[in-house]
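> Could you work out the structure for the sequence below:
(one chain, ligands or ions: 3)
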Amino acid sequence: LAQSPDTARGFTVCFLTGRVMCVVSLIFPFSLLLDLLPPGVCSLLNPAAIYANNEISLGDVEIYGFDYDYTLAQYSNLLHSMIFNTARDILIEQFKYPEGLGKYDYIPGFAIRGLHYDVQKVSCTKFSLLGLVFHCVLVLVEMLSVIELYGGTQHIPLYQMSDFYGKGPSLKQFMDIFSLPEMTLLSSVIDYFITHGIEFDQVHLYKDISDAIRDVHVKGVMYKWIEKDMEQYILHGDEIYAVLNRLVNHKKKLFLITNSPFSFVDKGMKHMVGKNWRDLFDMVIVQADKPNFFTDRRKPFRKLDDNGSLQWDKINQLEKGKIYKEGNLFDFLRLTGWRGSKVLYFGDHLYSDLADLMLRHGWRTGAIVPELETEIRIINTEQYMHSLTWQQALTGLLERMQMYQDAESKQVLLEWMKERQEIRSLTKNLFNPQFGSIFRTFHNPTYFSRRLVRFSDIYMASISCLLNYDVNFTFYPRRTPLQHEAPLWMDQLCTGCMKTPFLEEMVHIR
Ligand SMILES: *[C@@H]1O[C@H](CO)[C@@H](O)[C@H](O)[C@H]1NC(C)=O
Ligand SMILES: *[C@@H]1O[C@H](CO)[C@@H](O)[C@H](O)[C@H]1NC(C)=O
Ligand SMILES: [Mg+2]
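Ligands and ions are numbered 1, 2, ... in the order given. Predicted coordinates for the structure are as follows:
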């Protein structure tokens with residue numbers, strides 16, 4: 001009788017009769033699976049929970065800082081197809097790309113964040129070796145599963161890696177949520193060129209497409225759509241109001257540092273919070289040029305008047321209720337004295353918003369990862385739990401039984417390997433048929449995950465998750481076992497296992 005220790009949820013019973021004859025019940029009843037979980041251990045995670053990488057006590061946090069786009073203002077996915085269509089038309093009209101591209105539409109759910117793109121190496125045939133071709137559309141590299149392309153190794157040489165901000169010489173990492181339409185457009189254009197036998201240089205293609213996408217942002221087209229129809233594009237407005245208001249009522253100070261222009265932020269905040277939104281904030285900084293804001297001391301702050309026009313006086317203090325443009329974090333720290341771990345800053349971009357703060361300045365950081373919500377819903381499905389349990393059970397069997405090398409046993413082992421491979425793909429495809437989860441590539445954490453752990457103290461699907469916690473709540477990270485440590489049942493008792501918001505008084509807001 002053997003028992004698989006590989007997962008808290010996985011038990012496999014197999015009968016050993018002299019040789020390795022393992023009879024595994026292939027139809028593993030789900031009810032049995034749940035029976036095997038000890039009482040008190042949760043099996044369902046809460047998509048509205050806040051997850052901690054480091055211990056942090058909100059009682060110690062006096063000052064809350066926020067990014068704006070995709071942090072305070074969460075946008076609906078409708079925006080992606082608008083960005084895609086506009087950039088595609090810019091390519092056709094201004095860059096004189098083939099008219100035939102016009103028949104490509106945005107494919108929701110095609111790409112995921114955190115993917116790497118090799119600007120020089122991508123080619124369709126090489127990718128089919130990896131089983132990664134999706135009607136020849138698929139040209140993006142999933143980190144850590146790149147074997148054929150890099151001379152039979154899973155490792156990408158350091159000199160080719162993406163640099164600190166995901167912009168290496170040849171590998172680009174797509175990190176912000178705006179890059180979903182960009183990746184889809186890149187794939188569509190390459191698909192068109194390959195299926196029509198048109199020769200092209202990867203490098204030019206990459207540049208043209210990122211320029212077209214940038215035009216959509218920089219020329220302000222996108223701001224206009226959002227301003228015209230806030231109701232349609234901005235999500236969870238009421239909850240954002242509730243979060244900010246509650247913090248202020250508990251004597252917390254608030255500030256905003258965004259790269260967006262004032263008029264745009266002002267309209268969005270008026271929509272979500274009301275026309276007096278500025279009363280809630282001690283400091284508002286627009287067009288900050290992050291990540292340079294955090295690293296470059298040279299740009300001084302400039303003041304905007306109430307109509308949004310630039311002033312020319314030298315800034316010797318940052319006053320409550322005024323709007324500032326540009327500036328840098330060094331001046332910000334000097335003028336406010338807001339240093340160290342009493343400041344908690346929320347952002348959605350791991351590099352532009354959080355990395356420097358965590359690594360250089362010692363503020364606490366919170367990452368907004370909207371994908372958490374959908375991924376946790378998938379993790380909670382019966383199908384996912386079942387596949388994962390089964391996959392771990394098979395892995396345990398393979399590990400234990402590999403020494404049986406007679407012909408018959410080898411055959412069994414081969415079948416198990418094949419089945420494990422199938423289940424692995426199946427589990428991965430539950431998240432996204434092309435690239436799987438943004439957090440894992442098979443069993444390994446993705447590059448995105450590793451950065452998330454490194455650069456954020458806590459992470460959550462949306463700022464509104466804060467409503468579920470007391471203002472003095474302490475977050476404790478779950479103690480995940482290292483490879484040489486035994487897993488403890490008790491480890492499962494913390495974080496995310498609460499099925500409903502814990503604060504009854506906040507329920508009415510939802
Ligand atoms: C803002 O604009 C209005 C109307 O153009 C003007 O009356 C007002 O004086 C301006 N305010 C400032 C601070 O310049
Ligand atoms: C949080 O802790 C502070 C300091 O211990 C205390 O003054 C305050 O009342 C607490 N707030 C709540 C809502 O429990
Ligand atoms: Mg942002």
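
> Residue 350 versus residue 243, what's the distance?
From residue 243 across to residue 350, the span is 21 Å (CB to CB, to the nearest Å). Backbone N, C-alpha and C define where each C-beta goes, glycine included.

> nope, residue 244 is what I meant
For residue 244, the distance to residue 350 (CB to CB) stands at 23 Å.

> cool, residue 332 as well?
21 Å.

> ditto for residue 334
From residue 334 to residue 350 the distance is 26 Å (CB to CB).

> Compare neighbour counts for these two and give me the winner.
residue 350 (26 against 11; other CB atoms under 10 Å).

> Now do the contacts for the more buried one.
Neighbouring residues of residue 350 by CB atoms under 8 Å, 6 or more residues apart in numbering: 175, 367, 448, 451-452, 455-456.

> Go through those and name the one nearest ligand 2.
Within these, the smallest distance to ligand 2 is 23.4 Å, found for residue 456 (CB to the nearest ligand atom).

> Is it correct that that closest one is in contact with residue 365?
Yes: the criterion here is CB atoms under 8 Å, and residue 456 meets it with residue 365 at 5.0 Å.

> Can you get me a residue count around residue 344?
Neighbour tally, residue 344, other CB under 10 Å: 22.

> Return the alpha-carbon coordinates of the host helix or strand of residue 385 using PDB.
Secondary structure assignment for residue 385, by DSSP states H and E: helix 382-401. C-alpha atoms of helix 382-401 as PDB (Å, rounded to 0.1, in the frame of the first residue of the first chain):
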ATOM      1  CA  GLU A 382     -13.600  20.300  -9.700                       C
ATOM      2  CA  GLN A 383     -11.900  19.600 -13.000                       C
ATOM      3  CA  TYR A 384      -8.800  21.500 -12.000                       C
ATOM      4  CA  MET A 385      -8.500  19.900  -8.500                       C
ATOM      5  CA  HIS A 386      -9.100  16.500 -10.000                       C
ATOM      6  CA  SER A 387      -6.400  16.900 -12.800                       C
ATOM      7  CA  LEU A 388      -3.900  18.300 -10.400                       C
ATOM      8  CA  THR A 389      -4.400  15.600  -7.800                       C
ATOM      9  CA  TRP A 390      -4.100  13.000 -10.500                       C
ATOM     10  CA  GLN A 391      -1.000  14.500 -12.000                       C
ATOM     11  CA  GLN A 392       0.700  14.600  -8.700                       C
ATOM     12  CA  ALA A 393      -0.300  11.100  -7.900                       C
ATOM     13  CA  LEU A 394       1.200   9.900 -11.200                       C
ATOM     14  CA  THR A 395       4.400  11.900 -10.600                       C
ATOM     15  CA  GLY A 396       4.800  10.200  -7.200                       C
ATOM     16  CA  LEU A 397       4.300   6.800  -8.800                       C
ATOM     17  CA  LEU A 398       6.900   7.500 -11.500                       C
ATOM     18  CA  GLU A 399       9.400   8.700  -9.000                       C
ATOM     19  CA  ARG A 400       9.000   5.700  -6.800                       C
ATOM     20  CA  MET A 401       8.700   3.000  -9.400                       C
END
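
> Mind listing what's buried along it?
Within helix 382-401, the residues that count as buried by 16 or more other CB atoms under 10 Å are 384-397, 401.

> Counting by contacts, list what the next helix or strand after that helix packs against.
As assigned by DSSP H and E, the chain's next helix or strand after helix 382-401 is helix 407-429. Applying 3 or more CB pairs under 8 Å, 6 or more residues apart in numbering; DSSP states H and E, we find helix 407-429 packed against helix 382-401.

> For the helix it packs on, what does the pLDDT average out to?
Averaged over helix 382-401, pLDDT sits at 91.

> repeat for stretch 120-134
40.

> Okay, now the unreliable bits of the stretch 101-250 of the chain?
Scanning the stretch 101-250 of the chain with the threshold set as pLDDT under 70 gives 121-170.

> my read: residue 271 touches residue 237, true?
Yes: with contact defined as CB under 8 Å, residue 271 reaches residue 237; the gap is 6.2 Å.

> The residue nearest to the spatial centre of the chain and residue 256, how far apart?
Closest to where the C-alpha atoms of the chain average out (CA atoms, centre = their mean) is residue 369, at 4.6 Å. Noted for residue 369: a distance of 20 Å to residue 256, by CB to CB.

> Residue 346 too?
Distance from residue 346 to residue 256, counting by CB to CB: 10 Å.

> tell me, what's touching the two both at once?
Common neighbours of residue 346 and residue 256 (CB under 8 Å, 6+ apart) are 65-67.

> which helices and strands sit right next to whichever helix or strand residue 241 is part of?
Here residue 241, judged by DSSP H and E, is contained in helix 237-249. The helices and strands touching helix 237-249, judged by 3+ CB pairs under 8 Å, 6+ apart, are strand 253-257, helix 262-272.

> which bits of the stretch 401-510 of the chain sit near ligand 2?
Residues of the stretch 401-510 of the chain found near ligand 2 (CB under 6 Å from any ligand atom) are 471-472.

> Read off the pLDDT value for the one residue in the stretch 401-510 of the chain that gets nearest to ligand 3.
Minimum separation of the stretch 401-510 of the chain from ligand 3 (CB to the ion) falls at residue 463, amounting to 11.5 Å. Predicted confidence (pLDDT) for residue 463: 96.

> on that earlier part again, so what's the residue nearest to the centre of the chain up against?
When contacts are counted by CB under 8 Å, 6+ apart, residue 369 touches 348, 438, 452, 459-461.

> Could you do residue 473 as well?
Taking CB under 8 Å, 6+ apart as the definition, contacts of residue 473 comprise 57-59.

> gap between it and residue 59?
Residue 473 is 8 Å from residue 59, by CB to CB.

> for residue 201, same thing?
Distance, residue 201 to residue 59, by CB to CB: 56 Å.

> how many neighbours does residue 216 have?
There are 22 residues near residue 216, going by other CB under 10 Å.

> So which bits of this structure are right by ligand 1?
For the chain, the residues found near ligand 1 under the criterion CB under 6 Å from any ligand atom are 305-307.

> just curious, which of those residues is nearest to residue 205?
The closest of the residues of the chain next to ligand 1 to residue 205 turns out to be residue 307 (CB to CB; 42.7 Å).

> Pretty sure the closest one sits in a strand.
No: with DSSP: H, G, I helix; E, B strand; the rest coil as the criterion, residue 307 is located in coil rather than a strand.

> That one - how many residues pack around it?
By other CB under 10 Å, 7 other residues sit near residue 307.

> separation between whichever residue of the stretch 1-150 of the chain sits closest to ligand 1 and residue 77?
Residue nearest to ligand 1 within the stretch 1-150 of the chain: residue 68 (23.1 Å; CB to the nearest ligand atom). As for residue 68, its distance to residue 77 is 19 Å (criterion: CB to CB).

> So between these two, which is more surrounded?
More neighbours surround residue 68 than the other of residue 68 and residue 77, with 21 against 15 (other CB under 10 Å).

> Need the phi and psi values for that one.
Note on residue 68: its backbone torsions stand at phi -100, psi -70 [degrees, to the nearest 10].

> I figured it hits residue 256, correct?
Yes: using CB under 8 Å, residue 68 is in contact with residue 256, at 6.2 Å.

> list residues touching both of those two?
Listed as contacting both residue 68 and residue 256 by CB under 8 Å, 6+ apart are residue 265.
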